[in-house]
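Enquirer: sequence first, predicted coordinates after that:
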Amino acid sequence: TIGDVDCILLARHGRKHNIMPSDVNFRANLWGMQNLGASVIIATIACGSLQENVKPGELVFPDSVFDR
């Protein structure tokens, strides 16, 4: 709970961060969140950039999604 809001934390790469990104079952995760009563999802990521103009610590909003 944060304040008076019930929250759910999803460790999508496993408790020991042992699930590779390509092996994460995103559909099952979303189903599980819905099954637990989630009505809003706030997601964060941490990654690097191959673009030299994007410096470490900068906030970037992607406008494209690449899926395999």
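Expert: Nice, thanks for sending it over.
Enquirer: wait, a helix at residue 28?
Expert: Yes: under DSSP: H, G, I helix; E, B strand; the rest coil, residue 28 sits within a helix.
Enquirer: kindly check the end-to-end length of stretch 6-22 for me.
Expert: 30 Å (C-alpha to C-alpha, to the nearest Å).
Enquirer: which strand or helix spans residue 32?
Expert: Secondary structure from DSSP states H and E places residue 32 in helix 26-35.
Enquirer: distance of the nearest residue to residue 7 once chain neighbours are set aside from residue 52?
Expert: The shortest distance from residue 7 to any non-neighbouring residue, by C-beta to C-beta, 6 or more residues apart in numbering, is to residue 1 (6.4 Å). Every C-beta, even on glycine, is put in place using the N, C-alpha and C of the backbone. Distance from residue 1 to residue 52, counting by C-beta to C-beta, to the nearest Å: 42 Å.
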